[in-house]
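K.L.:
sequence first, predicted model second:
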Amino acid sequence: MYVLKIISYIGLVLVFINTIIYFIGFAPKSKAYKFFVIYLFALTVIQTTAEIYADKGLNNHFLSTYYLFLQFILLSCFFYHLFKDIKNKKSYIIKYTSLSILIGLIVQYTIYPELYYVFNSIGFLLTTSAIILYSVFYLFEQMSKKLPFYYTNIGIFIYFISSSLIFASAIAIVSFNDKTNMLIWKINALLFIIYQLLILWEWMQNFYLKRIKQG
């Protein structure tokens, strides 16, 4: 448990750093960039709140609902604008797929309001699968063109593939023995760190160094 706590804190520090550095020069950047910064900010707030609740021994499962909706909406907008900027028709696929899933989730929570207080495995499976699909679309575009957010997109693909398997199997994971359960969540926490490091590397390569060369 102690090791997992340390790994989680490292991930939290990294996402906080990324939020700050990406916020620098926020105004003149593209809409895709702005939605990504808002996503990082939301991630920082939710994860910080979750850690505070956990430290106090309080149930923080309700936060997964905010994480589910905010992550999906903000990353969908991020990918939508990435494709819109290059005038790619996949932006329409992202737009209507995301709206359909979002409506489906609202209906699901309307019928089963108790989901607000628990971990919604089906919701996470649907939303992470959609984000992975958008990421794959963008990876194909990056193979033939030099596009922004190359390392970030790789990070999204790696992290969401792994976390989708974990989140979708959340109920089954609880039934594992404590040692296996802890190992799975440690792996997820380590992959989150890798994800944040790739986001940091993106900023260094495509925003920080470019600004130095220009100025």
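P.N.:
Right, received. Where do you want to start?
K.L.:
which residues sit in contact with T152?
P.N.:
Counting by C-beta atoms under 8 Å, 6 or more residues apart in numbering, T152 touches F36, L198, I199, E202. C-beta here means a position set from N, CA and C on the backbone, and glycine is covered the same way.
K.L.:
tell me the one of those residues nearest Y92?
P.N.:
Distance ranking of the contacts of T152 against Y92, using C-beta to C-beta, places F36 first at 20.5 Å.
K.L.:
helices or strands up against the helix or strand containing that closest one?
P.N.:
Using DSSP states H and E, the element containing F36 is helix 31-55. Other helices and strands packing on helix 31-55, by 3 or more C-beta pairs under 8 Å, 6 or more residues apart in numbering; DSSP states H and E, are helix 2-23, helix 63-85.
K.L.:
same question for it, mean pLDDT?
P.N.:
Mean pLDDT, helix 31-55: 94.
K.L.:
going forward, the N-terminal residue is numbered 4.
P.N.:
Sure, I'll start numbering at 4, so the last one becomes helix 34-58.
K.L.:
okay, buried residues for it please.
P.N.:
35-47, 49-50, 53 (16 or more other C-beta atoms under 10 Å).
K.L.:
count of residues packed around the closest residue to T100 other than its chain neighbours?
P.N.:
Spatially, and ignoring its direct neighbours in sequence, T100 is nearest to A133 (6.0 Å; C-beta to C-beta, 6 or more residues apart in numbering). By the criterion of other C-beta atoms under 10 Å, A133 has 21 neighbours.
K.L.:
the one 3 residues further on now?
P.N.:
One way to gauge burial is a neighbour count; for L136, by other C-beta under 10 Å, it gives 16.
K.L.:
and the pLDDT at it?
P.N.:
Listed pLDDT for L136 reads 97.
K.L.:
what angle separates the helix or strand harbouring it from helix 66-88?
P.N.:
Assignment of secondary structure by DSSP H and E places L136 within helix 124-147. Calculated by axes from the mean of the first three to the mean of the last three C-alpha atoms, to 10 degrees, helix 124-147 forms an angle of 30 degrees with helix 66-88.
K.L.:
and the gap between L203 and A57?
P.N.:
For L203, the distance to A57 (C-beta to C-beta, to the nearest Å) stands at 25 Å.
K.L.:
no more questions from me, cheers.
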